[in-house]
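A.B. asks: would you be able to build a 3D model of this:
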Amino acid sequence: MKVSPRTLERSFTRETGLSMRQWRLRARLLRALPLLQKGGSVTDVAFACGYESTSSFIAAFRQFFGSTPGALGRKAE
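C.D. replies: Got it, this is the predicted structure:
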């Protein structure tokens, strides 16, 4: 069965309540948490989670969690 990308995206949104973009962003940021808690550097974690720049990772992290990844790392110490 062939499905168009747009049909797939509408179905995904209906089933999850999130767009594919929102879901991917959330998955990447949730993947970052254990890496930061284990003491990974913000730069290493950003690249490991698929971000092309540390600044875009920090901005997305701050918007989603309300604090910077560096602040989370300091709390884990």
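A.B. asks: where does residue 52 land in three-state SS?
C.D. replies: State at residue 52, reduced to three classes by DSSP: H, G, I helix; E, B strand; the rest coil: coil.
A.B. asks: what's the neighbour count on it?
C.D. replies: 9 (other Cβ atoms under 10 Å). Bear in mind the C-beta positions are built from the backbone N, C-alpha and C, glycine included.
A.B. asks: quick one, phi/psi of it?
C.D. replies: In terms of degrees, to the nearest 10, the main-chain angles of residue 52 are phi -90, psi -20.
A.B. asks: equivalent analysis for residue 27, please.
C.D. replies: Dihedral angles (degrees, to the nearest 10) for residue 27: phi -60, psi -40.
A.B. asks: quick one: the helices in the chain?
C.D. replies: Per DSSP state H, the chain carries helices over the ranges 5-16, 20-37, 42-48, 54-65, 69-76.
A.B. asks: kindly reformat these as TSV containing mean pLDDT and mean neighbour count.
C.D. replies: Listed next are those as TSV, based on pLDDT from 0 to 100; neighbours: other Cβ atoms under 10 Å:
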stretch	mean pLDDT	mean neighbour count
helix 5-16	94	11
helix 20-37	95	15
helix 42-48	96	17
helix 54-65	96	16
helix 69-76	73	14
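A.B. asks: residue 26 reaches residue 18, doesn't it?
C.D. replies: Yes: counting by Cβ atoms under 8 Å, residue 18 is a contact partner of residue 26 at 7.0 Å.
A.B. asks: so what's residue 48 closest to, chain neighbours aside?
C.D. replies: residue 35 (6.2 Å; Cβ to Cβ, 6 or more residues apart in numbering).
A.B. asks: ok, that neighbour - contacts?
C.D. replies: 44-45, 48-49 (Cβ atoms under 8 Å, 6 or more residues apart in numbering).
A.B. asks: report the two of those residues separated the most.
C.D. replies: 44 and 49 (9.7 Å; Cβ to Cβ).
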